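Participant: From the sequence below, what's the structure:
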Amino acid sequence: MRRLLTLDEHDYTGEMPVFRRVNVRAVIAQAGRLAMERSRAGEYKFPGGSVDPGESEQEALCREVREELGLLVVPATVRPLGEILERREDLFKKGTVYACYSRFYACQVEERTVQTALTRSEVEQGLALCWARPEEVLEANAAFLHKPWIARDSAFLRLWLEERGGAL
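Facilitator: Numbering: from 1, shown residues only. Just a heads-up that it's a prediction; the model follows:
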């Protein structure tokens, strides 16, 4: 997949073990709005998560969107947009390098929805489906750029919009 950006904090050494993770992120655009996860605090993120062992990236994308947003991805519409690599010392396991490959995919969803299956953490954050204009997302996320996942998603959104001439 095409590398769009590397976000490297350079806060680690070459002797540290590396934990690699592949995440998939869905870019679902309809009528000038994006399907995003919005927290109770007001931050937005693209739906998605890690690829489970034995699962394809497309299968993971469909599962994550269904679990987090209750939307059903049409598999035939999934197409790669690009990847962002994040490298930093792991926030949860000090002394380890976290190398996360976030792969963004455009896709369409069915009209019908299903019940979400949120994790405890997602419920605690108050994450829910929100259809938002890109400028709303970027404006709201400006207050949360200290969170690496918000900085990543905001950087992707800016790059993606730039490639598209600002239009969805």
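Participant: Could you use CA atoms for every contact and neighbour count after this?
Facilitator: Noted.
Participant: count of neighbours near Ile28?
Facilitator: Residues lying near Ile28 (other Cα atoms under 10 Å) number 22.
Participant: List the residues that contact it.
Facilitator: Under the criterion of Cα atoms under 8 Å, 6 or more residues apart in numbering, the neighbours of Ile28 are Leu34, Ala35, Ala106, Cys107, Gln108, Val109.
Participant: just Pro80 next, same as before
Facilitator: Met1, Arg103, Phe104, Tyr105, Ala106.
Participant: need the strands for the protein, in chain order.
Facilitator: Chain-ordered strands for the chain, with DSSP state E as the definition, fall at 3-8, 18-27, 29-30, 33-38, 44-45, 48-50, 71-73, 79-89, 97-106, 109-113, 128-132.
Participant: Same list (these) but as a markdown table, adding mean pLDDT and distance to Leu161.
Facilitator: Written out in a markdown table, the entries for the strands of the chain read as follows (pLDDT from 0 to 100; distance: least, Cα to Cα, whole Å):
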| stretch | mean pLDDT | distance to Leu161 |
| --- | --- | --- |
| strand 3-8 | 97 | 13 |
| strand 18-27 | 97 | 12 |
| strand 29-30 | 96 | 12 |
| strand 33-38 | 98 | 12 |
| strand 44-45 | 98 | 16 |
| strand 48-50 | 97 | 19 |
| strand 71-73 | 98 | 22 |
| strand 79-89 | 97 | 12 |
| strand 97-106 | 98 | 13 |
| strand 109-113 | 97 | 20 |
| strand 128-132 | 98 | 14 |
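Participant: Nice, that's everything, thank you.
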